[in-house]
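Trainee: from the sequence below, what's the structure:
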Amino acid sequence: SGRLMTTAYPISVLTPVDWQDMNFPATPAGTPAVGLNANGTMSIFARTTDGRLLTSWQPTPAKGFGGWLDLGLDGQIVSDPAIGIKSDGSMELFVVALPGRVLTSWQAAPNASFGGWLDLGLPAQAAGTPTVVTQPNGGLQLFIHTADNRLLTTWQGGPGIPFGGWLDLGLDGEVAAPPS
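Mentor: Coordinates of the predicted model:
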């Protein structure tokens with residue numbers, strides 16, 4: 001069984017010091033995602049082998065992490081999480097859940113807790129981990145690999161604007177892996 005570990009890199013030292021077990025309450029799966037909150041603290045999001053998504057965060061910058069909070073969707077998560085940073089500094093989280101749906105949850109304001117989950121209505125089954133980028137206008141753009149090997153994208157027209165429909169990027173059947 002794996003463990004999640006954390007360390008710090010003090011400015012005066014070029015190697016990590018004091019590796020600490022994060023006391024993850026389950027067996028981790030895949031690759032965790034780490035986001036930087038507007039107040040300088042970090043939040044970590046990790047998937048479990050039984051399909052849950054858990055999060056932990058630092059109460060203050062450069063300090064240890066607190067306990068773990070289950071973000072719901074018990075047994076449904078099948079991808080690693082992806083984090084987008086919105087123009088106001090708040091985070092938006094994306095995952096693929098059974099049966100291939102793309103879900104999102106976001107902070108209503110910087111440093112706030114995450115709300116419920118919204119299904120983005122993907123017109124195909126998702127496969128792999130979502131990829132999210134911040135556009136020059138501050139909106140987020142999401143890319144997803146589908147089970148039938150296509151690449152689809154959706155985006156916000158600007159900060160706080162809901163995601164639009166999905167656009168197929170025209171690589172029908174030729175996309176072998178999720179974008180990175």
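Trainee: please make it C-alpha for all contacts and neighbour counts, starting now.
Mentor: OK.
Trainee: without its sequence neighbours, what residue ends up closest to the most centrally placed residue in the chain?
Mentor: The centre of the chain sits closest to residue 82, judged by Cα atoms, centre = their mean, with a distance of 2.5 Å. Closest residue to residue 82 apart from its sequence neighbours, by Cα to Cα, 6 or more residues apart in numbering: residue 94 at 5.1 Å.
Trainee: tally of neighbours for that neighbour?
Mentor: 25 (other Cα atoms under 10 Å).
Trainee: same check on residue 64?
Mentor: 17.
Trainee: residues contacting it?
Mentor: Counting by Cα atoms under 8 Å, 6 or more residues apart in numbering, residue 64 touches residue 58.
Trainee: again with residue 91
Mentor: So residue 91 contacts 35, 37, 83, 84, 85, 106, 107, 110 (Cα under 8 Å, 6+ apart).
Trainee: quick revisit: could you check how far the residue nearest to the centre of the chain is from residue 63?
Mentor: From residue 82 across to residue 63, the span is 23 Å (Cα to Cα, to the nearest Å).
Trainee: quick check: bridge partners of residue 126?
Mentor: Beta bridges link residue 126 to residue 146 when assigned by DSSP bridges.
Trainee: meant to ask about residue 83, not that
Mentor: Under the criterion used (DSSP bridges), residue 83 bridges to residue 93.
Trainee: contacting residues around it?
Mentor: Residue 83 sits in contact with 33, 34, 35, 91, 92, 93, 94, 132, where contact means Cα under 8 Å, 6+ apart.
Trainee: hang on, residue 46 packs against residue 26?
Mentor: No. Under the criterion of Cα atoms under 8 Å, residue 46 makes no contact with residue 26, lying 10.0 Å away.
Trainee: gap between residue 52 and residue 78?
Mentor: Taken as Cα to Cα, the span from residue 52 to residue 78 is 9 Å.
Trainee: any weak-confidence spans in this protein?
Mentor: Per-residue confidence for the chain (pLDDT under 70) gives these ranges: 1-2, 7-17, 19, 175-178, 180.
Trainee: so where's the longest strand in the protein?
Mentor: In terms of residue count, the longest strand belonging to the chain (DSSP state E) is strand 28-36.
Trainee: who does that strand touch, helix- and strand-wise?
Mentor: Judged by 3 or more Cα pairs under 8 Å, 6 or more residues apart in numbering; DSSP states H and E, strand 28-36 is in contact with strand 42-48, strand 82-85.
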